[in-house]
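Student: Sequence plus the predicted model coming up.
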Amino acid sequence: MTTARLLFDLQELDHRLSEASSRVSVIDESLGNREALKPREEEVGASREGLRSLEREQRNLEMTAESAREKTVAVESKLYGGSVVNPREIQDLDHEMTNLKKSLQKLDERMLELLMNLEQTQEELQDGEAHLKQEEEAWSQNQERMAQEKIQLQSELENLADQRQGIAKGLGQQELQLYERIRGSKGGQAVARVERGLCRSCGVTLPTHQLQRARAGRESVLCDSCGRILYVG
Ligand SMILES: [Zn+2]
């Protein structure tokens, strides 16, 4: 096998190694990351808070209404119990009674409105919780899939690294250094395939003598135009 072919195979492996390790990095960032669930969690949190506040308001209204009813009973018993005979006092009590009834009516109206709000908020909360549950399940399944994929990728990476070592053994130190140097400066691609006399990396037509040297594969021949190692496959 020619040096250029070995370097070309090495490059294929390096591409696969870099793809697999990038995928592992993506997975590592996603594992345990609950960011995607946050909007729904916040929505549910807001509904819960809204519901608690409406329930507090409901209790307050109930207490206010209860005390207004107790007052009404007290005023009624004074008014109709016969103990109060002074007309002025009766008039005051009558007035107080009217006011109490008015405020009880207002309290009833507010309570009705509150109950409607409560019902709506409870529905929103139930919907939100159901959606959150679905999203959490999908998230967990996805986490599980990614964890499995990572295990596979890790074994693939080990396998690729072994293959790479096998190929590297067939290459000299100088060739490997040249490959690494060009790879570092040419966006990860050190070897260019030659097809129909053209360098496929830069598209330039190679001079005949260069093509012949590259085809012989006894030494590393670089493309004059893009500087990559030529491989005639
Ligand atoms: Zn080229």
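Tutor: Nice, I can see it. Residues are numbered from 1 along each chain as shown.
Student: Which residues of the protein lie near the ion?
Tutor: Contact residues (Cβ under 5 Å from the ion) of the chain with the ion: 199, 201-202, 223, 225-226. From N, CA and C alone the C-beta is placed, and that goes for glycine too.
Student: Now with 6 Å, please.
Tutor: Residues of the chain lying close to the ion by Cβ under 6 Å from the ion are 192, 199, 201-202, 204, 223, 225-226, 228.
Student: Could I get these in TSV, plus columns for pLDDT?
Tutor: Shown next, in TSV, are the residues of the chain next to the ion (pLDDT from 0 to 100):
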residue	pLDDT
192	97
199	97
201	96
202	95
204	96
223	96
225	95
226	96
228	97
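Student: Which of those fall in strands?
Tutor: Among these, the ones falling in strands (DSSP state E) are 192, 199.
Student: wait, doesn't residue 21 sit right on residue 157?
Tutor: Yes. Assessed by Cβ atoms under 8 Å, residue 21 is found in contact with residue 157 at 6.4 Å.
Student: sorry, back to before: pick out the most distant pair among the residues of the chain next to the ion.
Tutor: The most widely separated members of these, counting by Cβ to Cβ, are 204 and 228 (10.7 Å).
Student: Which one of those two is surrounded by more residues?
Tutor: residue 228 (23 against 15; other Cβ atoms under 10 Å).
Student: The more buried one and residue 188 touch, don't they?
Tutor: No. Using Cβ under 8 Å, residue 228 makes no contact with residue 188, being 11.2 Å away.
Student: where along this protein do the strands fall?
Tutor: Assigned by DSSP E, the strands in the chain fall at 191-195, 198-199, 229-232.
Student: Go through the helices and strands of this protein and name the one with the lowest mean pLDDT.
Tutor: In the chain, no helix or strand scores lower on mean pLDDT, DSSP states H and E than helix 208-216, which sits at a mean of 92.
Student: how much does that one deviate in direction from strand 191-195?
Tutor: Calculated by axes from the mean of the first three to the mean of the last three Cα atoms, to 10 degrees, helix 208-216 forms an angle of 110 degrees with strand 191-195.
Student: which sections of this structure are below the confidence cut-off?
Tutor: Along the chain, no part satisfies pLDDT under 70.
Student: Nearest residue to the middle of it?
Tutor: Centrality entry for the chain: nearest residue to the mean C-alpha point is residue 36, 3.0 Å, by Cα atoms, centre = their mean.
Student: surely it meets residue 139?
Tutor: Yes. Taking contacts as Cβ under 8 Å, residue 36 lies within contact range of residue 139: 6.7 Å.
Student: For stretch 109-127, buried residues please.
Tutor: 111, 114, 118, 121, 124-125 (16 or more other Cβ atoms under 10 Å).
Student: Tabulate the strands of the chain (TSV), appending distance to residue 68 and mean neighbour count.
Tutor: Output for the strands of the chain, formatted as TSV (distance: least, Cβ to Cβ, whole Å; neighbours: other Cβ atoms under 10 Å):
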stretch	distance to residue 68	mean neighbour count
strand 191-195	90	20
strand 198-199	93	20
strand 229-232	93	24
